[in-house]
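Engineer: could you look at this predicted model? Sequence included:
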Amino acid sequence: MHRLARVRMLITALLLLVPPLMAGEGGLANQHTAPTSYIVIGFAGGFVRHDNLHHGPVQLAQRIQQDVPNGTYIRVFENRHRKAAYKTILSLLDSDHDGILTAEEKARARIILFGHSWGASAAILLARELDRVGVPVLLTVQVDSVAKLWQHDGIIPDNVADAANFYQPHGLIHGRSVIRAADDSKTRILGNYRFDYRETPARCGETAWFERTFTPSHMQSQCDPHLWAEVESLVLQRLTPEPGVLASNPRP
């Protein structure tokens, strides 16, 4: 027994010397970890992968990493993985990890959703799914939004505070030109902003020959640095708001 007691004392002393593993250092967050401050979810368009650095949503997520408040969660999903994004958001909001979102946990939600093409439509569908469970959304941004046959991306649900739509009108594939609020008293449409790449082309880096040949304007909407700078400005205004300057309109 004396020997066993010494072993226990040694183990206790070693544990006291090892610092706790914190989330963000490769460890898992526990129930005492501070809740996520903001959740920023982007969706890639078409069949683009979530880590394709030639794609506008991926570049935006990478750029804002250094400018966001501590505790901000930023991630880009393929548009077909909307359900995974939904589950991720609910898990992040569930600060006590009991599997149930309380009214208080929902009220703390600070969510921004954006995407390009099919990804833009996915952002609106995700906002609608969050609306069904009573989770608010600060901002949705659609860039050349294209809905799949069974989707509806033109009506912004009333859990969304602000929404913006950027589009170009040309080609076989072009974005929705107008979005509107399901309830004007709850959602502010910041604008439907038209970009014309036949008048002012945008330079893109590595792109597929099919896009260059058949959907050049739609392709340019996902790599146009001016357009994505406007999206970035809208996102950062909500992540680092200054009194009196929130939600200034873009200037395409």
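Structural biologist: Great, that's in hand.
Engineer: dump the residue contacts of residue 120.
Structural biologist: 43, 45, 114, 141, 142, 143, 144, 145, 146, 153, 175 (Cβ atoms under 8 Å, 6 or more residues apart in numbering). To be clear about C-beta, it is placed using only N, CA and C from the backbone, and glycine gets the same treatment.
Engineer: among the residues you listed, which one sits closest to residue 200?
Structural biologist: If you rank the contacts of residue 120 by distance to residue 200 using Cβ to Cβ, residue 144 comes first, at 15.2 Å.
Engineer: okay, now the closest one: neighbour count?
Structural biologist: 31 (other Cβ atoms under 10 Å).
Engineer: ok, residue 82 next?
Structural biologist: Neighbour number of residue 82 under other Cβ under 10 Å is 21.
Engineer: could you do the one 4 residues further on as well?
Structural biologist: When counting by other Cβ under 10 Å, one arrives at 18 neighbours for residue 86.
Engineer: what is the helix or strand where it lies packed up against?
Structural biologist: Counting by DSSP states H and E, the element that carries residue 86 is helix 82-93. Packing contacts for helix 82-93, counted by 3 or more Cβ pairs under 8 Å, 6 or more residues apart in numbering; DSSP states H and E, involve strand 39-44, strand 73-78, helix 118-132.
Engineer: which residues in the stretch 51-200 of the chain form helices?
Structural biologist: Along the stretch 51-200 of the chain, counting by DSSP state H, counting those that start in this stretch, helices occupy 56-63, 82-93, 103-107, 118-132.
Engineer: just put those helices in a markdown table and tack on mean pLDDT.
Structural biologist: Formatted as a markdown table, these follow (pLDDT from 0 to 100):
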| stretch | mean pLDDT |
| --- | --- |
| helix 56-63 | 94 |
| helix 82-93 | 97 |
| helix 103-107 | 95 |
| helix 118-132 | 97 |
